[in-house]
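J.: My questions are about this predicted structure, shown below with the sequence.
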Amino acid sequence: MTYAPWVVLHVPHDAVVVPESVRSQFSVDDEELQRELCVMTDHHTHELFVGDHPEHLVIRSPVSRLVVDVERFEDDALEIMAARGLGVLYRCTSRLTPLRHDLSSEERESLLRRYYRPHHEALERVVAKVLAEFGRCLVLDCHSFPSTPLLYEGAGPDSPRPDICIGTDAFHTSAAVCEAFEDACRSQGWVVCRDDPFAGALVPASCYQKDSRVQAVMVEINRNLYLREPGPAKHEDFDACALRLQAAVQQAIRVL
């Protein structure tokens, strides 16, 4: 399935790659690192969301969010999760225990230069090209979340979780966009919440709170719908779930 040509898909958290040159920065052993990769990765979200959408309209991080989280603000002073040790460069695990040693300014700059900034430069380029051609752009931020809250979330272990979370931005998510995605996901029989358990939606920094032609919405799918948690193994009905999700996205876009 392909979407409208003014739709850009952002897939920031489905990679599990930890480059060997970065591994030495982590203070956890291999077992703990694999556990973190298991619970913190949005496994298979590229496959779930993208379908046949052109790859030049898909921005995907090549490395794990444990290396660099491209969804965060580069400046920790602007990033709310930095207070929990989960800013652009994670210092803590999902259990709020130490993940990596304190980085030098040179190590930090190297990671940002190699992984974070090229990712955002690519997003800037593709959104600018789409705007120039169509006068509008929708950034679809593609995520998943565990069916049981992780400790860093600050929610109780028995907190109810929806099937789908629609994340919004006060400036870049219009009521029409939000309602279209909520209605489309509910039409698939899913329980949908807005900005719960996660909130927000990403746009290029140059457009942030400046250009309303750039709309954004985050769609988060509960992993128990398609995974054998906590690992990355797919349910037997993974393909059917992906088709339902892509159909919902297509339905939402069609009315915008």
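T.: Noted; the coordinates are in hand. Residues are numbered from 1 along each chain as shown.

J.: which residues of the stretch 1-150 of the chain fall in strands?
T.: Per DSSP state E, counting those that start in this stretch, the stretch 1-150 of the chain carries strands over the ranges 7-11, 58-60, 137-145.

J.: Just the buried positions in the helix or strand hosting residue 239, please.
T.: Using DSSP states H and E, residue 239 falls within helix 238-254. Of the residues in helix 238-254, those buried by neighbour count under the rule 16 or more other Cβ atoms under 10 Å are 238, 241, 242, 244, 245, 246, 248, 249, 250, 251, 252, 253. C-beta here means a position set from N, CA and C on the backbone, and glycine is covered the same way.

J.: With stretch 205-221 instead?
T.: Counting neighbours by 16+ other Cβ under 10 Å, the buried set in stretch 205-221 is 207, 211, 213, 214, 215, 216, 217, 218, 219, 220, 221.

J.: How many neighbouring residues does residue 199 have?
T.: Counted with other Cβ atoms under 10 Å, residues neighbouring residue 199 total 15.

J.: pLDDT score assigned to residue 186?
T.: Looking at residue 186, its pLDDT is 98.

J.: List the contacts of it.
T.: With contacts defined as Cβ atoms under 8 Å, 6 or more residues apart in numbering, the neighbours of residue 186 are residue 192.

J.: what's the distance between it and residue 162?
T.: 10 Å (Cβ to Cβ, to the nearest Å).

J.: Spit out the residues that contact the two alike.
T.: A shared contact of residue 186 and residue 162, defined by Cβ under 8 Å, 6+ apart, is any residue touching both; here these are residue 192.

J.: quick one on the thing from earlier: can you lay out the buried residues of helix 238-254 as CSV showing pLDDT?
T.: Shown next, in CSV, are the buried residues of helix 238-254 (pLDDT from 0 to 100):
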residue, pLDDT
238, 97
241, 98
242, 98
244, 98
245, 98
246, 98
248, 98
249, 98
250, 98
251, 98
252, 98
253, 98
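
J.: could you dump those residues to JSON lines with distance to residue 58?
T.: Below are the buried residues of helix 238-254 laid out as JSON lines (distance: Cβ to Cβ, whole Å):
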{"residue": "238", "distance to residue 58": "19"}
{"residue": "241", "distance to residue 58": "19"}
{"residue": "242", "distance to residue 58": "15"}
{"residue": "244", "distance to residue 58": "20"}
{"residue": "245", "distance to residue 58": "15"}
{"residue": "246", "distance to residue 58": "13"}
{"residue": "248", "distance to residue 58": "18"}
{"residue": "249", "distance to residue 58": "13"}
{"residue": "250", "distance to residue 58": "16"}
{"residue": "251", "distance to residue 58": "20"}
{"residue": "252", "distance to residue 58": "18"}
{"residue": "253", "distance to residue 58": "15"}
